[in-house]
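Asker: Give me a 3D structure for the following:
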Amino acid sequence: MPSFTPRVFSGIKPSGGLTLGNYLGAIKRFVATQDAGAFETVYCVVDLHAITVWQDPSELAAATREVAAGFLASGIDPARSVLFNQSQVLEHAQLGWIFNCVARMGWMGRMTQWKDKAGRDAERQSLGLFAYPSLMAADILLYHATHVPVGEDQKQHVELTRDIAQKFNHDYGVDFFPLTEPVIEGPATRVMNLRDGSRKMSKSGDSDMERINMTDDAGAIARKLQKARTDALPLPGTEAGLAGRAEAANLVGIFAALSDRSVAAVLAEWGGQGWGAFKPALADLAAERLGPIGAEMRRLMDDPAELDRLLGRGAERAREIAAPILRRTQEIVGFLRP
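Answerer: Sure, this is the predicted structure:
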């Protein structure tokens, strides 16, 4: 197997406002990876994935800019990372089609997220929704990404990416695509609903009180955390004491991730205390961390032309990596090229 440039690829779908879950589970980690400097970093607003379900065109454009603003406001530097929106780099769709012809129907049908999203109404869903894990594999392998930071619920997609890479390499007798590794680490990788600790915090939840938006001001953050569901027990002194207490575990995990500490360290400080003391401290911490990001996001979104310019320049840089990899893929497959 050849050596590959250490490179990270990841993306966020523009399908509504960004939440604390997007920040802690993804963007904060993206910034840390960029700043560590051990990998080339490629980050993408995956708007092709967004249209697997109907999107209002004007709302999709606005959501794409909002995600880009969230990346930039959080610390992604377009001079050090490649930041772009997926639809500007046509090579994603071209490699996606090749991978549609490599992947097997059975692989797609076993994807947990397909089963969850399609439910009993699978025949009414778009073909794109069924096949989008193949496009996700193309997103990753188009840059020969060696590592992908993902939430626990998306680890299966990286495993599929490895399957597609392995089958392509085997079918064509090459060692062209890397076997990408998923990276899952640290507290609060998966941030849960503030009203129901069994459900993931989502941009599409029923109530705005279920989530903290990256653009919320300090007052909104405080109100939501004060009303977050907990139980009558004090905070435990050890992680074992959080077993069976989903809402408590969620708030402690959020505190740990925002303060760059372990859950054990947070409980060592707060064990035995009540929620009446802990929630205001969490609200202050969240406002301190997210307040400046939200303000910068609003400033950036007031200048859509500048956001579009930055995304366009990022797309040019992305194509500098992607175009040669696609061209070589096409040659391996047997496509005639000028």
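Asker: got the residue ranges for the strands in the stretch 1-150 of the chain?
Answerer: Applying DSSP state E, counting those that start in this stretch to the stretch 1-150 of the chain gives strands spanning 7-12, 40-45, 82-85, 147-149.
Asker: Generate JSON lines for these, with mean pLDDT, mean neighbour count and distance to residue 333 as supplementary columns.
Answerer: Any C-beta I mention is one placed from the backbone N, CA and C, and that applies to glycine too. Converted to JSON lines, those look like this (pLDDT from 0 to 100; neighbours: other Cβ atoms under 10 Å; distance: least, Cβ to Cβ, whole Å):
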{"stretch": "strand 7-12", "mean pLDDT": "96", "mean neighbour count": "23", "distance to residue 333": "22"}
{"stretch": "strand 40-45", "mean pLDDT": "98", "mean neighbour count": "25", "distance to residue 333": "23"}
{"stretch": "strand 82-85", "mean pLDDT": "98", "mean neighbour count": "26", "distance to residue 333": "25"}
{"stretch": "strand 147-149", "mean pLDDT": "93", "mean neighbour count": "22", "distance to residue 333": "24"}
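Asker: JSON lines for the ones you listed, including distance to residue 109?
Answerer: Converted to JSON lines, the strands of the stretch 1-150 of the chain look like this (distance: least, Cβ to Cβ, whole Å):
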{"stretch": "strand 7-12", "distance to residue 109": "24"}
{"stretch": "strand 40-45", "distance to residue 109": "26"}
{"stretch": "strand 82-85", "distance to residue 109": "29"}
{"stretch": "strand 147-149", "distance to residue 109": "23"}
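Asker: Looking at those strands, which is nearest to residue 194?
Answerer: Among the strands of the stretch 1-150 of the chain, strand 7-12 comes nearest to residue 194, with 20.4 Å by Cβ to Cβ.
Asker: That closest one vs strand 40-45, what angle?
Answerer: 20 degrees (axes from the mean of the first three to the mean of the last three Cα atoms, to 10 degrees).
Asker: Just name whatever secondary elements strand 7-12 is in contact with.
Answerer: strand 40-45, helix 57-74, helix 127-141, strand 147-149 (3 or more Cβ pairs under 8 Å, 6 or more residues apart in numbering; DSSP states H and E).
Asker: Does residue 165 touch residue 181 like I think?
Answerer: No. At 11.6 Å, residue 165 does not count as touching residue 181 under the criterion of Cβ atoms under 8 Å.
Asker: Who has more neighbours out of the two?
Answerer: Neighbour count, other Cβ atoms under 10 Å: between residue 165 and residue 181, residue 165 has more, with 22 against 11.
Asker: contacting residues for that one?
Answerer: Contacts for residue 165 (Cβ atoms under 8 Å, 6 or more residues apart in numbering) come out as 137, 141, 177, 178, 179, 180.
Asker: Check those against residue 333 and report the nearest one.
Answerer: Nearest to residue 333 among these, counting by Cβ to Cβ, is residue 177 at 12.5 Å.
Asker: any idea how far the helix or strand of the chain with the lowest mean pLDDT is from the chain center?
Answerer: None of the helices or strands of the chain scores lower by mean pLDDT, DSSP states H and E than helix 112-118, at a mean of 74. Distance of helix 112-118 from the chain centroid (Cα atoms, centre = their mean, to the nearest Å) equals 18 Å.
Asker: so what secondary structure elements neighbour it?
Answerer: Under the contact definition 3+ Cβ pairs under 8 Å, 6+ apart, helix 112-118 sits against helix 127-141, helix 155-172.
Asker: Name the residues of the longest helix that the chain contains that come out as buried.
Answerer: With secondary structure taken from DSSP state H, the chain has its longest helix at helix 304-333. Within helix 304-333, the residues scored as buried using 16 or more other Cβ atoms under 10 Å are 307-308, 310-311, 314-315, 317-319, 321-322, 325-326, 329, 332.
Asker: and the angle from it to helix 127-141?
Answerer: Using the same axes, to 10 degrees: helix 304-333 against helix 127-141 is 80 degrees.
Asker: switch to numbering from 51
Answerer: I'll keep to 51 as the first residue from here, and by that count the last item is helix 354-383.
Asker: could you give the mean pLDDT of helix 354-383?
Answerer: Helix 354-383 shows a mean pLDDT of 98.
Asker: Check the offset of that helix from the chain's centre.
Answerer: On Cα atoms, centre = their mean, the centre of helix 354-383 falls 20 Å from the chain's centre.
Asker: can you give me the angle it makes with helix 107-124?
Answerer: Here helix 354-383 runs at an angle of 100 degrees relative to helix 107-124 (the same axes, to 10 degrees).
Asker: list the contacts for the residue nearest to residue 122 when sequence neighbours are not counted?
Answerer: Leaving aside its sequence neighbours, residue 122 sits nearest to residue 350 (Cβ to Cβ, 6 or more residues apart in numbering; 5.9 Å). Residue 350 makes contacts with 118, 119, 122, 123, 356, 357, as judged by Cβ under 8 Å, 6+ apart.
Asker: The helix or strand hosting residue 350 vs helix 354-383, what angle?
Answerer: Per DSSP states H and E, residue 350 falls inside helix 325-351. Inter-element angle recorded for helix 325-351 and helix 354-383: 90 degrees (by the same axes, to 10 degrees).
Asker: what's the model's confidence in helix 325-351, averaged?
Answerer: Mean predicted lDDT for helix 325-351 stands at 94.
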